[in-house]
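Q: one predicted model, sequence on top.
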Amino acid sequence: MLGRNLNPSVNSTPGRSDNRAASCGRADYDGGDWAWEFLRRNPDYIADWRSSVPKHLPCITLRDGTKLLRLRRRFLRAEEWGLHAFADPRLCAQKANVFWHASALKRVVRLNAKRPTEGDEAKVRRLADFNAHRQAVINADGVPLVMMKRSGICVPLEISGLSNLTSPFVPVIELHDLDDLSAQTELLKRLQRFTEADFRAVQKPFASDERLHHALIALDESLKGKTYRQIAIAIFGEKKVTEEWHGHSQFLRDRTRRLVAKGTELMKGGYRDLLG
């Protein structure tokens, strides 16, 4: 599926006014957002989306503000791209409804929701208690996956035993793979922070936003057939390129080539490495 020839013209989807990397809200982007920005530029993905039926699935907003997509069947072609269902590639991460499949995510908090009983009052939680943007998908098996997102941090939460997402529950956390215990613990700490009244953004899971942004610009310019020099100007500015492009050092040229290569790699499948 990822082996078709790259055709830059396919990426020029009619009506796409926000396909430039400059439109990305980098400060609030998490790994899933960056992954989507690269995937939505993939011409093979665009072709699959165009042939998909239906192209758009309705989302509803629950009374607690959680955005919900309920699926009655699986979309196997979308799952090959790491998604529950196809998202519109004309839309950037800030506007698109992108529902990553649990199997594509590196780590997921798995939680059993117990029905509250007498004496459980102090342990009871609701999804509304998590001070974050909540986006949920209920798959054909009826298992909800809730993405908690805020300030560039995302925590995927898979919940068993909760038929109504707005109902109260007592959370019982499952831990898997003791070799990965420290990473799972860090994910739980991030989830806990979403419940704090004085929530403060902590360091994002990865600190390569600027490089990803540059790689995205390089990819966009490359897909338009621009030269390396033109790509460098789009990223670093004409003044810097004029001063350094023909200098003794090849650093700027090499960096531009690496950014084009990285952007292309991420578009063709490397975006999965960005998923938390």
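A: Now that the structure is in, tell me what you want to look at.
Q: all contacts plus neighbour counts: C-alpha atoms, from now on.
A: Noted.
Q: buried sites along the helix or strand of the chain at the bottom of the mean pLDDT ranking?
A: Least confident helix or strand, the chain: helix 181-193 with a mean of 88, by mean pLDDT, DSSP states H and E. Neighbour counts over helix 181-193 (16 or more other Cα atoms under 10 Å) mark 184, 187, 188, 190, 191, 193 as buried.
Q: give me the helices and strands touching the helix or strand just after it, please.
A: The helix or strand immediately downstream of helix 181-193 is helix 209-223, counting by DSSP states H and E. Other helices and strands packing on helix 209-223, by 3 or more Cα pairs under 8 Å, 6 or more residues apart in numbering; DSSP states H and E, are helix 31-39, helix 228-236, helix 251-267.
Q: tell me the most buried of those helices?
A: Using mean count of other Cα atoms under 10 Å, the stretch among the helices and strands packed on helix 209-223 with the largest mean neighbour count is helix 31-39, at a mean of 24.
Q: let me know the average pLDDT across that one.
A: Per-region confidence: helix 31-39 scores 96 on mean pLDDT.
Q: for stretch 151-164, same thing?
A: 92.
Q: again, but for stretch 63-77
A: 95.
Q: ok, now which ones touch the residue lying closest to residue 219 once chain neighbours are set aside?
A: Spatially, and ignoring its direct neighbours in sequence, residue 219 is nearest to residue 263 (5.1 Å; Cα to Cα, 6 or more residues apart in numbering). The contact partners of residue 263, by Cα atoms under 8 Å, 6 or more residues apart in numbering, come to 38, 212, 215, 216, 218, 219.
Q: quick check: the farthest pair among those?
A: Using Cα to Cα, these span at most 11.4 Å, a distance reached by 38 and 218.
Q: ranges for the strands of the stretch 1-150 of the chain?
A: Listed in chain order, the strands of the stretch 1-150 of the chain (DSSP state E, counting those that start in this stretch) span 60-61, 67-70, 109-114, 133-138, 144-150.
Q: coming back round to it: mind checking which of the helices and strands packed on helix 209-223 is nearest residue 127?
A: Per Cα to Cα, nearest to residue 127 of those: helix 31-39, 20.6 Å.
Q: for that closest one, packing partners?
A: Counting by 3+ Cα pairs under 8 Å, 6+ apart, helix 31-39 packs on helix 209-223, helix 251-267.
Q: picking up where we left off before, output the contacts of residue 263 in a markdown table; the columns should cover distance to residue 118.
A: Formatted as a markdown table, these follow (distance: Cα to Cα, whole Å):
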| residue | distance to residue 118 |
| --- | --- |
| 38 | 49 |
| 212 | 50 |
| 215 | 55 |
| 216 | 53 |
| 218 | 59 |
| 219 | 57 |
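Q: what subset of the residues you listed is buried?
A: Here, 16+ other Cα under 10 Å leaves 38, 212, 215, 216, 218, 219 buried among the contacts of residue 263.
Q: my guess is the last one contacts residue 264. True?
A: Yes: with contacts counted by Cα atoms under 8 Å, residue 219 reaches residue 264, the gap being 6.1 Å.
Q: overlap in contacts of the two?
A: Joint contacts of residue 219 and residue 264 (Cα under 8 Å, 6+ apart) do not exist.
Q: ok so, going back, can you put the helices and strands packed on helix 209-223 in JSON lines and add distance to residue 198?
A: Compiled in JSON lines, the helices and strands packed on helix 209-223 are given as follows (distance: least, Cα to Cα, whole Å):
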{"stretch": "helix 31-39", "distance to residue 198": "24"}
{"stretch": "helix 228-236", "distance to residue 198": "37"}
{"stretch": "helix 251-267", "distance to residue 198": "36"}
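Q: low-scoring stretches of the stretch 151-276 of the chain, by residue?
A: 199-207 (pLDDT under 70).
Q: change it to 80
A: 176-180, 197-208, 276 (pLDDT under 80).
Q: ok, the stretch 1-150 of the chain next?
A: In the stretch 1-150 of the chain, residues with pLDDT under 80: 1-27.
Q: I appreciate the help and will end here.
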